[in-house]
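Novice: the sequence and its predicted three-dimensional model are supplied below.
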Amino acid sequence: MNNFWNERFSTKEYVYGEEPNQFFKQELEKLKLGRILLPGEGEGRNAVFAAKIGWKVVAFDSSLEGKNKAEKLAKKNKVSIEYQIKNYEDFVGETEFFDCIALIYTHMLPHNRSEYHKKLTSFLKPGGILILEGFSKEQINQNTGGPRNVDMLFSKEELQNDFESFTNLTIAEFDVILEEGQTHQGASSVIRVLGIK
């Protein structure tokens with residue numbers, strides 16, 4: 001999997017663009033500043049945006065190419081981010097430390113998804129915010145981005161179960177037009193989650 005992402009991120013262009021995901025941007029701007037964790041952060045577009053508006057950012061991804069591009073983007077925008085080369089299973093965080101966790105198109109293998117979501121949730125403070133956007137299972141019928149394995153796409157029921165410990169959880173499916181770099185382009189089926197731990 002590392003080789004796949006290193007190859008994908010080895011281009012000069014930013015595969016998903018340099019601008020943050022719009023749902024992430026919209027929701028993050030509503031929150032009080034604090035510490036944010038961005039797992040599976042790729043080329044750094046969301047981490048750099050968060051840092052630009054004043055968040056203390058920790059991000060991780062398995063791809064060295066992704067980290068290199070994220071740090072280049074941070075330098076271009078004159079911000080600082082902490083970016084670790086880690087997989088979901090080997091990232092070590094402090095329990096109840098972050099004010100926000102954002103999972104933006106972090107599609108995982110189905111046998112690990114629930115375990116990883118619960119692990120990541122443990123790093124969020126009580127009262128902390130979860131922001132998630134990913135492709136719904138309907139995206140398998142589109143050719144506009146995302147895994148081609150339907151089991152890696154999200155359903156409301158799966159996410160409801162994964163984040164059942166949250167006191168307040170909103171999960172909604174949308175049909176949207178994505179314009180995120182060269183890889184997320186066109187009519188897409190997405191699922192969005194907002195939660196308070």
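Specialist: Good, I have the coordinates.
Novice: just give the nearest non-adjacent residue to residue 147, would you?
Specialist: residue 107 (5.1 Å; Cβ to Cβ, 6 or more residues apart in numbering). Any C-beta I mention is one placed from the backbone N, CA and C, and that applies to glycine too.
Novice: now the strands for this structure?
Specialist: 35-39, 56-61, 82-85, 98-104, 124-135, 168-180, 184-196 (DSSP state E).
Novice: what pLDDT does the residue nearest the centre of the chain get?
Specialist: Taking Cα atoms, centre = their mean, the centroid of the chain lies closest to residue 104, which sits 2.4 Å from it. On the pLDDT scale, residue 104 is placed at 98.
Novice: how many residues are close by the residue lying closest to it once chain neighbours are set aside?
Specialist: Leaving aside its sequence neighbours, residue 104 sits nearest to residue 21 (Cβ to Cβ, 6+ apart; 4.9 Å). Residue 21 is flanked by 23 other residues according to other Cβ atoms under 10 Å.
Novice: got the contact list for residue 21?
Specialist: Taking Cβ atoms under 8 Å, 6 or more residues apart in numbering as the criterion, residue 21 is in contact with 45-46, 104-105, 133, 180.
Novice: farthest pair in those?
Specialist: Spanning the widest gap among the contacts of residue 21 are 45 and 133, at 12.9 Å by Cβ to Cβ.
Novice: which one's more surrounded, those two?
Specialist: The neighbour comparison of residue 45 against residue 133 (other Cβ under 10 Å) goes to residue 45, with 26 against 22.
Novice: tell me who's in contact with residue 87.
Specialist: Residue 87 touches residue 62, counting by Cβ under 8 Å, 6+ apart.
Novice: how near is it to residue 93?
Specialist: 13 Å (Cβ to Cβ, to the nearest Å).
Novice: do the same with residue 133
Specialist: Distance from residue 133 to residue 93, by Cβ to Cβ: 21 Å.
Novice: what do you get for residue 59?
Specialist: Residue 59 sits 12 Å away from residue 93, going by Cβ to Cβ.
Novice: try residue 77
Specialist: Distance of residue 77 to residue 93, computed by Cβ to Cβ: 25 Å.
Novice: those two - which one has more neighbours?
Specialist: residue 93 (19 against 15).
Novice: any weak-confidence spans in the chain?
Specialist: 1-2 (pLDDT under 70).
Novice: how about stretch 166-179: buried residues?
Specialist: 166, 169, 171, 176, 178 (16 or more other Cβ atoms under 10 Å).
Novice: do stretch 94-110 as well
Specialist: Here stretch 94-110 shows 98-108 as buried, counting by 16+ other Cβ under 10 Å.
Novice: tally of neighbours for the closest residue to residue 150 other than its chain neighbours?
Specialist: Once flanking residues are discounted, residue 150 sits nearest to residue 140: 4.6 Å by Cβ to Cβ, 6+ apart. As a burial measure, residue 140 scores 17 neighbours (other Cβ under 10 Å).
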